[in-house]
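Undergrad: The following block contains a protein sequence and its predicted model.
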Amino acid sequence: MKPEDFAALHAKAFRATRAWSATEFANLLGQRGVNWYGDPRCFILIRQVADEAEILTLATDPDHCRQGLARAALSRAETAATDAGVHRFFLEVAEDNAAARALYATFGYTQVGRRPDYYLPKDGAPVAALVLQKERGAS
């Protein structure tokens with residue numbers, strides 16, 4: 001996939017907030033330790049630094065939700081990162097994103113923090129970000 005493909009899918013998946021641009025994706029994908037997994041319907045972007053990894057974004061085309069694509073992408077990313085020596089995973093998720101929170105919970109992520117007013121929807125009040133963490137070996 002090209003940066004433009006990532007940006008287009010991200011815009012479809014995150015219609016209520018500012019989507020990331022092709023330039024932002026190109027910059028991220030050019031950084032050391034950043035990898036992506038998935039396909040044109042769903043992708044995850046993850047950054048590894050030493051023995052930790054941050055899930056930068058996980059985007060699924062709304063026309064392909066509830067098909068197990070996010071689960072498969074997350075599983076593949078975690079496996080690759082763990083094989084590369086990652087012991088701890090972090091991410092931020094919007095407090096009102098029940099589907100994403102449920103997905104991460106099934107993978108063993110737990111809340112370790114909360115950032116009030118982190119996400120700024122195009123219309124509406126700011127939404128808190130929940131900081132989630134998973135230690136390697138958690139299920």
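TA: Right, received. Where do you want to start?

Undergrad: Can you say which helix or strand has Val93 in it?
TA: strand 88-94 (DSSP states H and E).

Undergrad: what about dumping the CA coordinates of that strand to CSV?
TA: This file holds the C-alpha atoms of strand 88-94, laid out as CSV (Å, rounded to 0.1, in the frame of the first residue of the first chain):
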residue,chain,number,x,y,z
ARG,A,88,5.1,-4.4,26.4
PHE,A,89,2.5,-2.9,24.1
PHE,A,90,0.8,0.5,24.5
LEU,A,91,-2.0,2.3,22.7
GLU,A,92,-4.5,5.1,23.0
VAL,A,93,-8.2,4.5,22.2
ALA,A,94,-11.1,6.9,22.3
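
Undergrad: Show me what stretch 53-62 is in contact with.
TA: Stretch 53-62 is contacted from outside by 6, 9-10, 12-15, 20, 28, 34, 40-47, 69-70, 73-74, 77, 81, 86, 88-91, 100, using Cβ atoms under 8 Å, 6 or more residues apart in numbering. Using the backbone N, CA and C atoms, a C-beta is placed for each residue, glycine as well.

Undergrad: redo that, cut-off 6 Å
TA: 9-10, 12-13, 41-42, 44-47, 69-70, 81, 86, 89-91 (Cβ atoms under 6 Å, 6 or more residues apart in numbering).

Undergrad: next one: it to chain centre, how far?
TA: Counting by Cα atoms, centre = their mean, to the nearest Å, stretch 53-62 is centred 3 Å from the centre of its parent chain.

Undergrad: Buried residues in it, which are they?
TA: Residues of stretch 53-62 classed as buried: Ala53, Glu54, Ile55, Leu56, Thr57, Leu58, Ala59, Thr60, Asp61 (neighbour count, 16 or more other Cβ atoms under 10 Å).
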